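K.L.:
With the sequence up front, the predicted model follows.
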Amino acid sequence: MYLVTGATGNVGGAVVRALVDAGAEVRGLSRDPGRAGPDLPPGATAVAGDLNRPETLAGPLEGVRAAFLLPGYADMPGAMAEVKRAGVDRVVLLSGSAVLATDTGNAISRYMIESETAVRDSGVPWTILRPVGFMSNTLQWASLLGAGDVVRAPFAGVRVANIDPYDIGAVAAAALLSGGHEGRAYSLSGPASLLPADRVEILAKVLGRDLRFEAQPDDAARAEMSAAMPAEYVAAFFSFYADGTLDESQVLPTVEEIVGRPPRTFEQWATAHAGAFR
Ligand SMILES: NC(=O)c1ccc[n+]([C@@H]2O[C@H](COP(=O)([O-])OP(=O)(O)OC[C@H]3O[C@@H](n4cnc5c(N)ncnc54)[C@H](OP(=O)(O)O)[C@@H]3O)[C@@H](O)[C@H]2O)c1
């Protein structure tokens, strides 16, 4: 039995599907398993739990061989104490490239570093995944595309080798299913380093629409982001992408080395998710 947290999300959902495809029995954790159940593939069962309340993890962890864990919750050492108590053989933590920023004092790097520390200190064999920005972040553009053909996005000059959550799921499943990845922290990227304008161009081709990219000035980006997330996260993104403290542009061989095929392209991701933009 495998426990996957974030099972209703982009990455956790991909982990669940990869494990089920490999024939594993899976519990998918959600704060609202009634709502989550229909989204999970046959072979996966929704279970209730809240990562901010480690005591709720005891039941879901019963009889579990390996667990996939999201980062950044209120009491990561407490969550790992439950994992340890349940006798789980290994844990795979989703972290991020933010731990490698040149300024790790920002809020995003900090929560990922604290989560990694909790996992390393737990005494449970671990694997850590440090992906760059997800292709699924592009779903933020869906509402813009409902209103017109212009995509206004920040950080126009920043290249990111975005990764498809599908590939993070495949790597996570490999590390959950076999002990050969213990004690490793894997940096993960997709197959190409893209500007926001490149993503708009590919999306336009996939959707058969005449989309246009427009660089959003920093002031406008700051105002829009501030309405959607805490100020400390806005500051972290500006540190990463305006001040340049994080380089996510490198194309890395890791996904192919671990799963034996190249990572999916942005065009493949856009084709699979075209419905979300229509
Ligand atoms: N976006 C990026 O570029 C990026 C890059 C590197 C790392 N990351 C990390 O990756 C994580 C996952 O990303 P994603 O795109 O897969 O997220 P997502 O699609 O937004 O899904 C978030 C998931 O978190 C679960 N969740 C939220 N609060 C919870 C709680 N208190 N207890 C248990 N589960 C909770 C939700 O489950 P329910 O609502 O069903 O409970 C949902 O399944 C991010 O949170 C971030 O830390 C992101």
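P.N.:
Good, I have the coordinates.
K.L.:
Not counting sequence-adjacent ones, nearest residue to the residue in the chain that the ligand sits nearest to?
P.N.:
Closest approach of the chain to the ligand (C-beta to the nearest ligand atom) occurs at Gly9, with a separation of 2.3 Å. The C-beta positions use only the backbone N, C-alpha and C, and glycine is treated the same way. Nearest residue to Gly9 in three dimensions, chain neighbours excluded: Leu70, at 7.8 Å (C-beta to C-beta, 6 or more residues apart in numbering).
K.L.:
quick one: average pLDDT of the helix or strand hosting Ile258?
P.N.:
Ile258 is part of helix 254-259 when elements are defined by DSSP states H and E. Helix 254-259 carries an average pLDDT of 98.
K.L.:
And for stretch 180-193?
P.N.:
98.
K.L.:
start to end distance for it?
P.N.:
From its first residue to its last, stretch 180-193 covers 29 Å (C-alpha to C-alpha, to the nearest Å).
K.L.:
buried stuff in that stretch?
P.N.:
Residues of stretch 180-193 classed as buried by neighbour count (16 or more other C-beta atoms under 10 Å): His181, Tyr186, Ser187, Leu188, Ser189, Gly190, Pro191, Ala192, Ser193.
K.L.:
Any part of that stretch near the ligand?
P.N.:
No - using C-beta under 6 Å from any ligand atom, stretch 180-193 stays clear of the ligand, with a minimum separation of 9.3 Å.
K.L.:
Distance-wise, check Ala118 relative to Ala204.
P.N.:
According to C-beta to C-beta, to the nearest Å, Ala118 and Ala204 sit 43 Å apart.
K.L.:
okay, the two: which has more neighbours?
P.N.:
Using other C-beta atoms under 10 Å as the criterion, Ala118 and Ala204 rank with Ala118 on top: 22 against 18.
K.L.:
Count the residues that sit near the closest residue to Thr271 other than its chain neighbours.
P.N.:
Nearest residue to Thr271, sequence neighbours excluded (C-beta to C-beta, 6+ apart): Val206, at 5.4 Å. Using other C-beta under 10 Å, Val206 is surrounded by 18 other residues.
K.L.:
swap in Arg65?
P.N.:
15.
K.L.:
can you start the count at 23 instead of 1 from here on
P.N.:
In the new numbering, first residue 23, that becomes Arg87.
K.L.:
Hmm, it is touching Met23, no?
P.N.:
Yes - in this structure, Arg87 is within contact of Met23 by C-beta atoms under 8 Å, at 6.1 Å.
K.L.:
Which residues are in contact with the closest residue to Ala70 other than its chain neighbours?
P.N.:
Using C-beta to C-beta, 6+ apart and skipping the chain neighbours, the partner closest in space to Ala70 is Pro55 (4.8 Å). Contact analysis of Pro55 by C-beta atoms under 8 Å, 6 or more residues apart in numbering lists Ala68, Val69, Ala70.
K.L.:
can you check Ala294 too?
P.N.:
Tyr188.
K.L.:
same question, Glu278
P.N.:
Glu278 touches Pro284, Pro285, counting by C-beta under 8 Å, 6+ apart.
K.L.:
give me that answer again for 10 Å
P.N.:
Asp189, Pro213, Pro284, Pro285 (C-beta atoms under 10 Å, 6 or more residues apart in numbering).
K.L.:
Report the buried residues of the lowest-mean-pLDDT helix or strand in the chain.
P.N.:
The helix or strand of the chain with the poorest confidence is helix 55-58; it has a mean of 90 (mean pLDDT, DSSP states H and E). Going by neighbour count (16+ other C-beta under 10 Å), the buried part of helix 55-58 is Pro55, Ala58.
K.L.:
Run the contact check for it versus the ligand.
P.N.:
Yes - applying C-beta under 6 Å from any ligand atom, one finds helix 55-58 in contact with the ligand at Ala58.
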